[in-house]
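Asks: sharing a sequence plus its predicted fold:
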Amino acid sequence: MCVDFLASLLSALPPPMRDPVLFAIPFFLLLLILEWTAARKLEEIEAGATDKSGKPRPVSGAYHTRDSVASISMGLVSIATTAAWKTLALLGYAAIYAYAAPWHLAATRWYTWVIAILGVDLLYYTYHRIAHRVRLIWATHQAHHSSQYFNFATAVRQKWNNSGEILMWIPLPLLGLPPWMVFFSWSLNLIYQFWVHTERIGKLPRPFEFVLNTPSHHRVHHGMDKVYLDKNYGGILIIWDRLFGSFQPELFRPHYGLTKQVDTFNIWKLQTREYVAIARDWRSATRLRDRLGYVFGPPGWEPRAAGQPDDATEVATSR
């Protein structure tokens, strides 16, 4: 009965009002303010933190005002850009659902919701992993990783180009899932991921850590330490990482950000810097295969140096 009521209620709403993220924003802000307040109180206690080389580093859970403003600003812009991408996707999904899907799954059935939520989560894992291994897609995602701080403000440091995700969800309407259910499940996935962006929550009981993406797992994902690079891609479930070999437990407090840290709080530059770098590398290359490597190779890819054998490895570390 509850599922039936929820399905009928949501299907009666116009598409823009079906996005749970809009209703979750006040709670995002409340949690952000609470964490920010706690961080200010604890900064003096943890002052003097250094990295392995003895250089100062942000204390656990710290906030930097300009960094946080940049993150929140990117999140606000992403609300508009995501709405635009979803509107575009709605047209395509509706056509696929109406004309290409071999059957239509009923939104009133519990198993349809299971397929939708698990399907979105698995496809998110797939897209997220691709985004870290293909530089052109990494260019859309790297802004989210560009902060050297890890807190709830970082959670809303979102990309503005959702084209990759839009394409990744195509199998779902093709399987007969109503387009609005795809968007709703996508929003639930995004809402879940907000709370894992914090250093204020330690490791949870083992059953939760085994199945779910947790703050401990996601701290690893944002780490730029070599052991943490390109690990823990899961959205809601960490099971996908365990199944497909990309899981890494938290061994020590990560150093956050990119392997080549950025030195700007300009949100336009943060969003576009990697596209500019790709264009610069494309122009500098003289061979087509090198140009394609700069675009579709992993982040950090470089062409072989003169004199290297043909079978030399061309892949560098990510980010």
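Replies: In hand now; what should we look at? Numbering: from 1, shown residues only.
Asks: run a quick neighbour tally on the closest residue to residue 73 other than its chain neighbours.
Replies: Leaving aside its chain neighbours, residue 73 sits nearest to residue 267 (5.1 Å; criterion: Cβ to Cβ, 6 or more residues apart in numbering). C-beta coordinates here come from the backbone N, C-alpha and C atoms, glycine included. Number of residues near residue 267 (other Cβ atoms under 10 Å) recorded here: 20.
Asks: give me the distance between residue 267 and residue 238.
Replies: 30 Å (Cβ to Cβ, to the nearest Å).
Asks: any regions of the stretch 201-319 of the chain where pLDDT drops low?
Replies: Applying pLDDT under 70 to the stretch 201-319 of the chain picks out residues 305-319.
Asks: how about the helices in it?
Replies: Counting by DSSP state H, counting those that start in this stretch, the segments of the stretch 201-319 of the chain that form helices are 206-211, 215-222, 239-244, 267-284, 288-296.
Asks: buried residues, the longest one. List them.
Replies: It refers to helix 267-284. Going by neighbour count (16 or more other Cβ atoms under 10 Å), the buried part of helix 267-284 is 267, 270, 271, 273, 274, 277, 278, 281.
Asks: which helix or strand lies directly C-terminal to the helix or strand containing residue 132?
Replies: In this structure, residue 132 sits in helix 110-133 according to DSSP states H and E. Downstream of helix 110-133, the first helix or strand assigned by DSSP H and E is helix 135-141.
Asks: from the contact counts, what lies against that following helix?
Replies: helix 110-133, helix 163-168, helix 267-284, helix 288-296 (3 or more Cβ pairs under 8 Å, 6 or more residues apart in numbering; DSSP states H and E).
Asks: give the rounded mean pLDDT of it.
Replies: For helix 135-141, mean pLDDT is 96.
Asks: same check on stretch 181-188?
Replies: Mean pLDDT, stretch 181-188: 90.
Asks: how much space separates residue 172 from residue 111?
Replies: To residue 111, residue 172 is 14 Å away according to Cβ to Cβ.
Asks: ok, these two, which is more surrounded?
Replies: residue 172 (26 against 9).
Asks: for that one, which non-adjacent residue is closest in space?
Replies: Counting by Cβ to Cβ, 6+ apart, the residue nearest residue 172 is residue 182, at 4.8 Å.
Asks: count the neighbours of the closest residue to residue 124 other than its chain neighbours for me.
Replies: In space, and not counting its chain neighbours, residue 124 is closest to residue 235: 4.3 Å by Cβ to Cβ, 6+ apart. If you count neighbours by other Cβ under 10 Å, residue 235 ends up with 23.
Asks: quick one, what contacts residue 235?
Replies: Counting by Cβ atoms under 8 Å, 6 or more residues apart in numbering, residue 235 touches 120, 121, 124, 125, 128, 189, 192, 193, 213.
Asks: that one and residue 190: what is the separation?
Replies: In terms of Cβ to Cβ, residue 235 sits 8 Å off from residue 190.
Asks: please apply the same query to residue 264.
Replies: Where residue 190 is concerned, residue 264 sits at a distance of 26 Å (Cβ to Cβ).
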